[in-house]
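K.L.:
A structural model of the following input is requested.
(one chain, ligands or ions: 1)
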Amino acid sequence: MSATAECLFCRIVSGEIPADVVLATDDTVAFRDVTPQAPTHVLVIPRQHHRDIAALASTDPGLAGRLMADAAQVASDLGLEEFRLVLNTGATAGQSVFHVHAHVMAGRDFGWPPG
Ligand code: AMP
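P.N.:
The predicted model follows:
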């Protein structure tokens, strides 16, 4: 079965599963996280299926760059001057959906290092 058929975020890209979309470009879709970890929590994903940022960067570094640019655009569109940008990569790093996504989070103090 293809990644599109099995993958939750591919099904959001196709419109099969609804999402609260805040930005859609030719390359990416950004939508609000269903379980927000901050007052603002948006996920930015490429329309193409790639497992994680490592796979995307090695396969299509240009698209990886556009993903970052669109994450910054989302922050700008939402009026965020400060935000945290996170790409969990692998299960031990906290990745639970294996379609690369950037978390854009803001609206509370995060501190460093992360927990
Ligand atoms: P990660 O743990 O880094 O893989 O992040 C996956 C994120 O996807 C989590 O923050 C989930 O809350 C979020 N998520 C899961 N299902 C949906 C959905 N249907 N719509 C929006 N966000 C979702």
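K.L.:
What strands line up against the biggest strand by length in the chain, and which way round?
P.N.:
Assignment by DSSP state E gives strand 40-46 as the longest strand of the chain. Partner strands and pairing direction for strand 40-46 (DSSP bridges) are strand 28-32 (antiparallel), strand 102-106 (antiparallel).
K.L.:
and the last one, what's its mean pLDDT?
P.N.:
Confidence over strand 102-106 (mean pLDDT, whole number) is 98.
K.L.:
rewinding a little: export the strands paired with strand 40-46 to JSON lines and append columns for distance to the ligand and mean neighbour count.
P.N.:
C-betas here are computed from N, CA, C, even on glycine. As requested, these are exported to JSON lines (distance: least, CB to the nearest ligand atom, whole Å; neighbours: other CB atoms under 10 Å):
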{"stretch": "strand 28-32", "distance to the ligand": "6", "mean neighbour count": "21"}
{"stretch": "strand 102-106", "distance to the ligand": "6", "mean neighbour count": "22"}
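K.L.:
can you tell me which of those comes nearest to residue 9?
P.N.:
Closest to residue 9 of these, according to CB to CB: strand 28-32, at 8.4 Å.
K.L.:
follow-up on the earlier one: and whichever helix or strand comes after the longest strand of the chain, which residues are buried?
P.N.:
Counting by DSSP states H and E, the next helix or strand C-terminal to strand 40-46 is helix 53-59. Across helix 53-59, burial judged by 16 or more other CB atoms under 10 Å covers 53, 56, 57.
K.L.:
Remind me what helix 53-59 packs against, helices and strands.
P.N.:
helix 61-77 (3 or more CB pairs under 8 Å, 6 or more residues apart in numbering; DSSP states H and E).
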